[in-house]
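J.: Would you be able to build a 3D model of this:
(one chain, ligands or ions: 1)
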Amino acid sequence: MPVGRYAPSPTGSLHLGNLRTALVAWLAARVDGSAFLLRSEDLDPASRPEHEAAQQADLAALGLDWDGPVVRQSERRDLYEDAIGRLTTAGLTYPCFCTRREIQDATRAPHGVAPDGAYPGTCRALTHADRAVHQATGRPPALRLRGGAARVEVVDALAGRVSGLVDDVVLRRNDGLPAYNLVVVVDDAAQGVGEVVRGDDLLGSTPRQVHLARRLGLSVPTYLHVPLVLGPDGARLAKRHGAATLAKLGGDEVRALLSRSLGLAAEGEPTDLPTLLGRFSRDRLPREPWVLRDLGPG
Ligand code: GLU
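T.: This next block holds a predicted model:
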């Protein structure tokens, strides 16, 4: 059976943009008769069980359901370490001792073909002796992938062809936590996810995720990145634009608002989930950000 998913980080409440993406992810899965999984990306130290519970309550308030128990990344560390081990055995990783500051300074200097903000490769060719010097300082290293500046093209259902250079992405942070780009690839493959639906702030990371999946011999899903929601000032939405709106308007009203923003209903038309499923088509989703005009203070 095909599988879709929604994978929020429980670091706060879901804002309207998150809820809108969740609605699209649910519709895309259910319109195909796919399973729909909820995954809690709770490796971030700012994750809290109460945020996870509130996020689930907010999704349920919209009428969204999911199959099986919620999977928590914090309970799957072995899986991620196994993937890191395989990349390391293949000679595709190296320890990186750089501080954030050092990386910032180094990326300000021109460095040829690497993508903007990419790691400039300072630690890529350290000798054993260099490493020993760093290790002696006691500061634990991060672990990076040898990305080889591969160019990877992704075809997104809404954004079309997106091509990106794969930098030496972090696999394990220097606090020991496996990094987002790795865990998302491992989990989507392990859970059999066929289509990834998420906010388009992650579109730029997709080529490196596809590269990682290929390096690990894992299946590569298809992608649909939903354009973000912007506040009236054109800035990205704050978390408060969601929970407060739900509390104020209720789940049915918020689903109606989101449905209209997705072109699935006109003012006054029904927006129950069966009706939305009857109208949903990936091709007709808006490709521009949704600018909220008059939500007031949330
Ligand atoms: N956990 C990520 C977020 O909340 C989403 C990751 C994904 O869908 O790939 O932004």
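J.: Flag every residue of this protein that's near the ligand.
T.: Residues of the chain found near the ligand (Cβ under 6 Å from any ligand atom) are 7, 8, 9, 41, 184, 198, 202. Backbone N, C-alpha and C define where each C-beta goes, glycine included.
J.: Restricted to strands, list those residues.
T.: In strands, defined here by DSSP state E, the members of the residues of the chain next to the ligand are residue 198.
J.: Can I have the buried ones of the residues of the chain next to the ligand as a ChimeraX selection?
T.: Buried members of the residues of the chain next to the ligand, defined by 16 or more other Cβ atoms under 10 Å, are picked up in ChimeraX with:
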select :7,8,9,41,184,198
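J.: Going along the chain, name the strands of the stretch 151-298 of the chain.
T.: In the stretch 151-298 of the chain, the strands defined using DSSP state E, counting those that start in this stretch lie at 151-156, 160-165, 170-172, 195-199, 222-226, 229-230, 290-291.
J.: thinking residue 8 is in contact with residue 14, fair?
T.: Yes: counting by Cβ atoms under 8 Å, residue 8 touches residue 14, with 6.2 Å between them.
J.: Would you mind pulling the contact partners of stretch 247-257?
T.: 16, 19, 23, 60-63, 245-246, 265, 271, 273, 276 (Cβ atoms under 8 Å, 6 or more residues apart in numbering).
J.: And for residue 53, the neighbour number?
T.: 11 (other Cβ atoms under 10 Å).
J.: Please determine how far it is located from residue 9.
T.: 14 Å (Cβ to Cβ, to the nearest Å).
J.: now residue 29
T.: From residue 29 to residue 9 the distance is 20 Å (Cβ to Cβ).
J.: now swap in residue 23 and tell me
T.: Applying Cβ to Cβ, one obtains 18 Å for the distance of residue 23 from residue 9.
J.: quick one: contacts for the residue of the stretch 151-298 of the chain at minimum distance from the ligand?
T.: Of all residues in the stretch 151-298 of the chain, residue 198 sits closest to the ligand, at 3.5 Å by Cβ to the nearest ligand atom. Listed by Cβ under 8 Å, 6+ apart, the contact set of residue 198 reads 6, 7, 21, 25, 225, 226.
J.: One more pass at 10 Å, please.
T.: 5-8, 18, 21-22, 24-25, 184, 205-206, 223-226 (Cβ atoms under 10 Å, 6 or more residues apart in numbering).
J.: Any of the residues you listed buried? List them.
T.: 5-8, 18, 21-22, 24-25, 184, 206, 223-226.
J.: Sitting in helices, which of these do you find?
T.: The helices, defined by DSSP state H, take in 18, 21, 22, 24, 25, 184, 206 from those.
J.: Go ahead and confirm the last one touches residue 156.
T.: It stands for residue 206. Yes: using Cβ atoms under 10 Å, residue 206 is in contact with residue 156, at 7.3 Å.
J.: Could you tell me which residues touch both of those two?
T.: Counting by Cβ under 10 Å, 6+ apart, the contacts common to residue 206 and residue 156 are 162, 196, 200, 223, 225.
J.: and the gap between the last one and residue 171?
T.: From residue 225 over to residue 171 the distance is 23 Å, taken as Cβ to Cβ.
J.: residues contacting the residue nearest the centre of the chain?
T.: In the chain, the C-alpha nearest the mean C-alpha coordinate belongs to residue 202, at 5.5 Å (Cα atoms, centre = their mean). Applying Cβ under 10 Å, 6+ apart, we find residue 202 in contact with 180, 181, 184, 196, 209, 223, 225.
J.: please redo it, this time with the cut-off set to 6 Å
T.: With contact set as Cβ atoms under 6 Å, 6 or more residues apart in numbering, residue 202 has no partners.
J.: Many thanks, have a good one.
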